[in-house]
Structure formats: structure tokens, C-alpha cells
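>>> just coords:
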């Protein structure tokens, strides 16, 4: 009988120890998951802040890239990167030309997408009444971005009109903006070769 009592006592103690260990394990796992979530949120905030620094001084022109939407205007995405000389030149051109700044604000929902950072973007498509969660890399893949800067224009429904992979001096950049906002691109009627031809004529300075 005494042996049975000792065995039973040890058995109960063993069960209690297992329960304590399991309880401790669940608690530790919860803390770990909370820590990971907090870490991810911190990284997203840091990426957002760094992204905004990319267009410092042009916050009135380029909108926060956390949410991408047309707001009943043409959309303009400027894909850039840190260390890109021509990206910096383009931003300086806009900063130094008030007429250019005002034109972009009046006719476009403009966004500067910095490919040097990883960020999550909510892309709103009004015609589909849908929202898509896309990373910066996924955006670059969708628009097949190679060199920077690359300027992508879309209509109010999010449909791509054209992608221009190069820097343009202020006068030609202004002409590119007018080509979109004035609807000249529609004359191509979906013919890509004709679109390029029309754009080239539009960008060629008149003598």
C-alpha cells in the first residue's frame, strides 16, 4: 500500500510538472508571436518613413504610397531608387518649376515608388470595386520596371496607358504630361506602335 501511495504521489507530481511546462510553452509562444507582429509593424513604419523621405520637399505633389488610387484623375507612378542620379534630377526639375508642380497636382494622382525599400501598398481599382495588397517588388514586376526612373501612366480605372523608361528634361516632361492629360494617347486606339509614334512627335521640340 505504501508503494502504491508513493507511486500515485509521484504520478500526480509528474502530471503537474507537465502541465506547468505546457502552460509555460504556450505563454512563451504567444509572447514570441506578439514580438514578431510588433517587429513587422515597426519595419513597415520605418519603410513608410524612409519611402516618404525619398520625395522630401515634394509631399504636395507625390502622395503617400501606402494607398494607391486614382481619385478620378490619371495616375502617375514614378519608379525610382536610391543612388539614381536621373531620379534626383527629375525631382529637382519638379521642385524648381512651380508650373510643372501645379500641373501634376491638377491632372494626376502622382506617386513616387522607391524600389530601394520594401513596402506594402493597397491598390484600389474603382471600376472593379476591389483592393489589392501589393509589395513594392510586386508593383515593379507588374509594370516590368527595369531602369529608373520609369514613369508609368494609368487612367482613372487603373488601366495602364504607357510606360516611359527614361529621364526627360523639363520641357519634354511637360509635353509627356500633356500627351496624357489632353487625351492625345487615345488617338493610337490601342495600337502600341502608333502610340510610340504619336508620343515621339509630341516630345520633339517644334522649331
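Thanks, I have it. In this text the structure is predicted, and so the values were computed from the model without any measurement.
>>> For the rest of this, base every contact and every neighbour count on C-alpha atoms.
Will do.
>>> quick one, helices of this structure?
Using DSSP state H, the helices of the chain run over residues 2-53, 85-95, 98-107, 136-142, 170-181, 192-203.
>>> pretty sure residue 71 contacts residue 156?
Yes: using C-alpha atoms under 8 Å, residue 71 is in contact with residue 156, at 7.2 Å.
>>> more neighbours, the two?
Using other C-alpha atoms under 10 Å as the criterion, residue 71 and residue 156 rank with residue 156 on top: 19 against 13.
>>> Next up, the contacts around that one.
70-75, 126 (C-alpha atoms under 8 Å, 6 or more residues apart in numbering).
>>> same question, residue 70
Remark: with contacts taken as C-alpha under 8 Å, 6+ apart, residue 70 is in contact with 108-109, 124, 155-158.
>>> Contacts only, for residue 158.
Taking C-alpha under 8 Å, 6+ apart, one finds 69-70, 75, 125-126 in contact with residue 158.
>>> Kindly give a single PyMOL line that selects the buried subset of these.
The following PyMOL line selects those of the contacts of residue 158 that are buried, judged by 16 or more other C-alpha atoms under 10 Å:
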select buried, resi 69+70+75+125
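>>> Could you identify the most distant pair in the contacts of residue 158?
Spatially, the most separated pair among the contacts of residue 158 is 75 and 126, at 12.5 Å (C-alpha to C-alpha).
>>> Of the helices of the chain, which shows the lowest average pLDDT?
Lowest mean pLDDT of those: helix 2-53, a mean of 44.
>>> Distance to residue 174 for the contacts of residue 70 - can I get that in TSV?
Shown next, in TSV, are the contacts of residue 70 (distance: C-alpha to C-alpha, whole Å):
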residue	distance to residue 174
108	13
109	16
124	27
155	18
156	20
157	23
158	22
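>>> beta partners for residue 67?
Taking DSSP bridges as the rule, residue 67 bridges to residue 122.
>>> One more: the one 10 residues further on?
When assigned by DSSP bridges, residue 77 has beta-bridge partners residue 111, residue 152.
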